[in-house]
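J.: Pasting the sequence and the predicted model now:
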Amino acid sequence: MAAMDSIRNIVILTGAGISAESGIDTFRGANDGRGGLWENHRVEDVATPGAYERDPDLVLRFYDMRRAAIQDKQPNAAHHALARLDREWAREPGRELLIVTQNVDDLHQRGGARRVLHMHGQHLTAWCGACDMRSPWTGPLAQRPPCPACGAAALRPDIVWFGEMPYRMDEIYAALRKADLFVSIGTSGAVYPAAGFVRSARELGIRTLELNLERSQGSDWFHETRLGPATQVVPAWVDELLGG
Ligand code: APR
């Protein structure tokens, strides 16, 4: 990539494609094992506050299944490569790195990355509708277990549903404003506001790079797109950036 020496601050956005080779289905595109469906419901129809109001059992069962499914999956070479970048990049003074993930799995952390922001929430915490506390959570929620903090049977998945505001947007835009490079990995560019980060980056004059299996809805916005499976293109890019 051109002008690599001038890069100091990096913002990386990841999506479901980075976890696909760990065996976690994507929502759209090549590795979507379900054709976008779960028990004949469109994911968009399960992941909404309205769906939770109408049929909480259905929604809680859906997330119980996904929460159970991620726990026997392992981080892959792409997660490990970003963890290496996370360790090595910010070691030098004046350099910053932030991994913003839309994923609700914990594979970035289990791969060893530390500077990870979950803008769509995460499976392994539960959020209490009564006391507002978030608690670590690995088991099911459908049986309405009590909140560890207040005891109310009011726990919901700590997941940002369609129509809800993603977490920590101020921090993300603050990091983008300081960045010299924005990299998008394994995301279809179909869901906003994350899909709009590349446009914001272009407006800010930031270099933009996309690493994805196939061209995405956002590809035209990037200075450069490299196509291939994340386990190949991400480690290759990290090697290039860190000089081997
Ligand atoms: N390597 C790299 N990219 C891959 C791989 C792979 N092995 N497999 C699939 N992809 C790409 C697909 O081609 C697709 O462009 O990853 C992208 C996955 O897109 P989505 O399934 O739409 O996932 P994402 O962009 O993360 O979805 C955004 O939508 O349903 C909501 O909240 C959910 O966070 C999610 C959001």
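T.: Happy to help now that I have it. Bear in mind the structure is a predicted one, so any value in this text is a computation, not a measurement.

J.: the bottom helix or strand of this protein by mean pLDDT?
T.: For the chain, counting by mean pLDDT, DSSP states H and E, strand 37-38 ranks last in confidence among helices and strands (a mean of 58).

J.: Which SSE is immediately downstream of that strand?
T.: Next in sequence after strand 37-38, counting helices and strands by DSSP states H and E, comes strand 41-42.

J.: Quick one: residues contacting Gly23.
T.: By Cβ atoms under 8 Å, 6 or more residues apart in numbering, the contact list for Gly23 reads Lys73. In this view, the C-beta of every residue, glycine as well, is placed from N, C-alpha and C.

J.: nope, Leu124 is what I was after
T.: Leu124 touches 67, 70, 106, 136-138, counting by Cβ under 8 Å, 6+ apart.

J.: ChimeraX command to pick out the buried ones of the residues you listed?
T.: Selecting only the buried entries of the contacts of Leu124 in ChimeraX, with 16 or more other Cβ atoms under 10 Å as the criterion:
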select :67,70,106,137
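
J.: Verify the contact between Cys131 and Pro146 for me.
T.: No. Applying Cβ atoms under 8 Å, one finds Cys131 not in contact with Pro146, separated by 11.0 Å.

J.: Poorly predicted segments of this structure, please.
T.: Scanning the chain for pLDDT under 70 picks out 1-5, 29-40.

J.: C-terminal to the helix ranked longest in the chain, what's the next element?
T.: Counting residues, the longest helix found in the chain (DSSP state H) is helix 56-70. Per DSSP H and E, the first helix or strand lying C-terminal to helix 56-70 is helix 77-89.

J.: in which helix or strand would I find the residue in the chain sticking out farthest from the centre?
T.: Distance to the chain centre peaks in the chain at Gly151, reaching 30.3 Å (criterion: Cα atoms, centre = their mean). Assigned by DSSP H and E, Gly151 belongs to no helix or strand.

J.: ok, back up a step: now the longest helix of the chain, how far from the centre of its chain.
T.: Between the centre of helix 56-70 and the centre of its chain there are 18 Å (Cα atoms, centre = their mean, to the nearest Å).

J.: Quick check: which element contains Ala126?
T.: Secondary structure (DSSP H and E) places Ala126 in strand 121-128.

J.: and this protein, what are its domains?
T.: 4-23+75-120+166-242, 25-72+121-159 (automatic domain parsing).

J.: Can you tell me which of those is most buried?
T.: domain 4-23+75-120+166-242 (a mean of 19; mean count of other Cβ atoms under 10 Å).

J.: Would that one count as contacting the ligand?
T.: Yes. Judged by Cβ under 6 Å from any ligand atom, domain 4-23+75-120+166-242 comes into contact with the ligand at 15-17, 20-21, 102, 120, 186-188, 190-191, 212-214, 216, 229-230.
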